[in-house]
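> please find the sequence and the predicted model below.
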Protein chains: 2
Amino acid sequence: MYVTWVEVVVKEAYIDAFIKACELNHLASVQENGNRRFDVLQDAQNPSEFRLYEAYQTKEDAMAHKNTPHYLQWRETVADMMAVPRQGRNYKGLFPR
Amino acid sequence: MYVTWVEVVVKEAYIDAFIKACELNHLASVQENGNRRFDVLQDAQNPSEFRLYEAYQTKEDAMAHKNTPHYLQWRETVADMMAVPRQGRNYKGLFPR
């Protein structure tokens, strides 16, 4: 399992719009080949902070996500909502196997 | 969905032992009431860095995990493996609903 953890901080005015854009991305992404998780999280203390937890069977499946219409649409929609550039980090999923 | 993200750094000599302890914790935790995910991740660049991604239906389900025999066993087993104290942070899972 190939995991990407993305840290996002949005401008406060865009919190609701960001959630809506992420819902659309989530709904389409979980139907991709190899997708295992596409969870959208909101910080319990700071509602303008979000995390995306994206897990795919393989790295290739994760890379293919970047070329999907829904990802490209999401990226364009949220570009101006970011308070700071978003940060991604990759992990190897050990369990579940 | 109530999510806990735990950041762990272990001493290098304990990498394999930590993975084994986490496997046992994972296998038992995914059978708990309300568990949605209990993923064990290893940093792609730094093999002594791990993340636990724990998602439960409710906060109460997550709290109940802390009283299970397998959690208490894991906590005792890994205590001396930590290079620095582990850090946990909580999130509200927005999607999946």
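That came in fine, so what should we check first? Treat the numbers as computed from the prediction; the structure is a model and nothing was measured.
> and chain A, which residues reach chain B?
Contact residues (C-beta under 8 Å from any C-beta of the partner chain) of chain A with chain B: A:1, A:3, A:5, A:19, A:22-23, A:26-27, A:30, A:37-44, A:51, A:53, A:55, A:89-96. Placement of C-beta: from N, CA and C, glycine included.
> which PyMOL command selects the buried ones in those residues?
Of the residues of chain A next to chain B, the buried ones can be selected in PyMOL as follows, counting by 16 or more other C-beta atoms under 10 Å in any protein chain shown:
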select buried, chain A and resi 1+3+5+19+22+26+37+38+39+40+41+42+43+51+53+55+91+93+94+95
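> narrow the residues of chain A next to chain B to those in strands?
With strands taken from DSSP state E, the overlap with the residues of chain A next to chain B comprises A:3, A:5, A:37-43, A:51, A:53, A:55, A:89-95.
> what is the burial count for A:Leu24?
Residues lying near A:Leu24 (other C-beta atoms under 10 Å in any protein chain shown) number 14.
> now swap in A:Ser29 and tell me
When neighbours are counted by other C-beta under 10 Å, A:Ser29 registers 22.
> contacts only, for it.
A:Asn35, A:Phe38, A:Glu54, A:His65, A:Thr68, A:His70, A:Tyr71 (C-beta atoms under 8 Å, 6 or more residues apart in numbering or on different chains).
> export those as TSV, with columns for pLDDT, secondary structure and distance to A:Ala79.
Listed next are the contacts of A:Ser29 as TSV, based on pLDDT from 0 to 100; DSSP: H, G, I helix; E, B strand; the rest coil; distance: C-beta to C-beta, whole Å:
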residue	pLDDT	secondary structure	distance to A:Ala79
A:Asn35	98	strand	23
A:Phe38	98	strand	20
A:Glu54	98	strand	18
A:His65	98	helix	17
A:Thr68	98	coil	17
A:His70	98	helix	15
A:Tyr71	98	helix	13
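> looking at those, which is nearest chain B?
Closest approach to chain B among the contacts of A:Ser29 (C-beta to the nearest C-beta): A:Phe38, at 7.7 Å.
> find the nearest non-adjacent residue to the residue nearest the centre of chain A, please.
Taking C-alpha atoms, centre = their mean, the centroid of chain A lies closest to A:Leu52, which sits 3.8 Å from it. Distances taken as C-beta to C-beta, 6 or more residues apart in numbering or on different chains place A:Val6 nearest to A:Leu52, at 4.0 Å, with adjacent residues excluded.
> give me the element A:Leu72 is part of.
In this structure, A:Leu72 sits in helix A:69-78 according to DSSP states H and E.
> which residues sit against that helix?
Under C-beta under 8 Å, 6+ apart, the answer for helix A:69-78 is A:Val10, A:Tyr14, A:Ala17, A:Phe18, A:Ala21, A:Cys22, A:Leu24, A:Asn25, A:Ala28, A:Ser29, A:His65.
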